[in-house]
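In: Next come a sequence and a model predicted from it.
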Amino acid sequence: MRLYKYIFAPAMIIAGAAGLRAETKNLEDIRIRDPFILTDNAAKQYYMYRTSDSITPSGKVIGGVEVFKSKDLKRWEGPELVMRIPDDNGLTGTVWAPEVHRHNGKYYLFATINSDIKWKKSLNGWPALTARGTQIFHADNPEGPFRPFSKFTTTPMDWMALDGTLWVEDGKPYMVFCHEWVQTVDGTMEAVELKSDLSEMASGPVTLFYGSAPDWSTGGRTNVSAPENFVTDGCFLYRTKTGKLLMIWSSFSHGEYAIGIAESLTGSVKGPWRQQEKPLFVKNGGHGMIFRTLEGQLCLILHQPNSPAGAERAKIFKLKDEGETLSLISNGAE
């Protein structure tokens with residue numbers, strides 16, 4: 001949940017890129033939120049990305065991203081720095097939810113970037129409205145270095161937006177992302193068509209659904225006097241073996257961070273979208289994504305627990321494609 005990140009779990013801070021030293025770690029020993037795995041079938045290895053922020057001598061936080069590499073999903077080498085936000089970027093603060101996608105022979109990093117630039121006072125007891133958005137970076141290989149197309153976020157500059165992910169449909173690239181509950185009260189899921197090189201938006205955002213849409217999303221409050229809010233978080237799209245388009249996404253269900261499934265009634269990212277009744281995961285873990293192993297096994301990776309800060313670890317589960325939906329099989333790292 002972004003509230004925990006904002007208040008309780010600041011991003012992992014290291015003393016600059018020069019201090020990074022690669023080593024081998026077990027998956028359960030790596031602290032990570034919003035894990036993302038890219039499977040490289042040609043190199044027969046996996047890349048797992050996470051936040052890597054640094055502090056300048058003046059005390060300013062500069063966001064970045066690092067990667068771990070593995071052959072078996074159990075033992076991971078790293079981390080290695082793949083992106084540090086340029087000093088002259090529009091937003092330079094902490095990074096959330098990095099994703100790397102291969103598209104037309106190149107690699108694209110989607111990163112949510114934060115700033116302490118405050119717009120105005122927010123609702124009673126809520127975090128302040130600050131600059132936040134997803135920016136797209138590009139590189140020739142999955143280890144970077146990733147560079148920005150411009151100095152500005154891809155999502156609208158006056159939106160508190162986060163968790164952008166790539167979806168390609170009929171040859172057209174789209175970014176699906178979340179419009180933050182801090183600004184909207186009832187968070188939304190949005191889609192925007194991108195230019196063919198992913199450098200910027202090709203059209204304006206379209207609202208797909210609201211955080212309050214499913215019955216399992218029960219909302220929450222920052223305190224007793226604050227209004228009820230509904231989180232939209234961690235979107236990722238997947239087309240099943242029967243052609244049905246699904247989206248996994250995270251919100252809160254009876255106090256637990258959970259992952260639900262939405263389905264497009266038309267098979268298109270444009271929807272309309274309907275929420276499946278049964279959540280995929282409800283045990284205080286979320287912001288998941290779907291990948292296939294080198295052997296072709298479908299898997300879900302997420303972080304758990306969602307709190308307390310410092311306890312977050314990546315958990316991998318085998319998934320079954322049921323055609324109409326997805327179901328968990330077992331812990332895929334076993």
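Out: Received the coordinates, thanks.
In: Where does pLDDT dip in the stretch 51-200 of the chain?
Out: Applying pLDDT under 70 to the stretch 51-200 of the chain picks out residues 121-124.
In: what packs against the strand ranked longest in the chain?
Out: Longest strand of the chain, by residue count under DSSP state E: strand 106-120. Contact here means 3 or more Cβ pairs under 8 Å, 6 or more residues apart in numbering; DSSP states H and E; on that basis strand 106-120 packs against strand 75-84, strand 95-103, strand 129-139, strand 161-169. For glycine as for every other residue, the C-beta is placed from the backbone atoms N, C-alpha and C.
In: With distance to residue 179 and mean neighbour count as extra columns, can I get these in TSV?
Out: Output for the helices and strands packed on strand 106-120, formatted as TSV (distance: least, Cβ to Cβ, whole Å; neighbours: other Cβ atoms under 10 Å):
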stretch	distance to residue 179	mean neighbour count
strand 75-84	24	21
strand 95-103	15	22
strand 129-139	10	21
strand 161-169	6	22
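In: before we move on, back to that, by how many degrees do the longest strand of the chain and strand 75-84 diverge?
Out: Our comparison of strand 106-120 with strand 75-84, counting by axes from the mean of the first three to the mean of the last three Cα atoms, to 10 degrees, yields an angle of 60 degrees.
In: Give me the distance from strand 106-120 to the chain's centre.
Out: Relative to its chain's centre, strand 106-120 lies at 12 Å (Cα atoms, centre = their mean, to the nearest Å).
In: And the helices in the stretch 101-250 of the chain, which stretches?
Out: 181-184 (DSSP state H, counting those that start in this stretch).
In: so what's residue 261 bridging to?
Out: Counting by DSSP bridges, residue 261 forms beta bridges with residue 248.
In: how many neighbours does it have?
Out: Residues near residue 261, counting by other Cβ atoms under 10 Å, number 23.
In: what do you get for the one 3 residues further on?
Out: Burial of residue 264, expressed as a neighbour count using other Cβ under 10 Å, amounts to 19.
In: OK, contacts around it?
Out: By Cβ atoms under 8 Å, 6 or more residues apart in numbering, the contact set of residue 264 is 244, 245, 246, 247, 270, 271, 272, 273.
In: okay if I get those as a markdown table plus neighbour count and pLDDT?
Out: Shown next, in a markdown table, are the contacts of residue 264 (neighbours: other Cβ atoms under 10 Å; pLDDT from 0 to 100):
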| residue | neighbour count | pLDDT |
| --- | --- | --- |
| 244 | 17 | 98 |
| 245 | 20 | 98 |
| 246 | 21 | 99 |
| 247 | 24 | 99 |
| 270 | 14 | 97 |
| 271 | 20 | 98 |
| 272 | 11 | 98 |
| 273 | 20 | 98 |
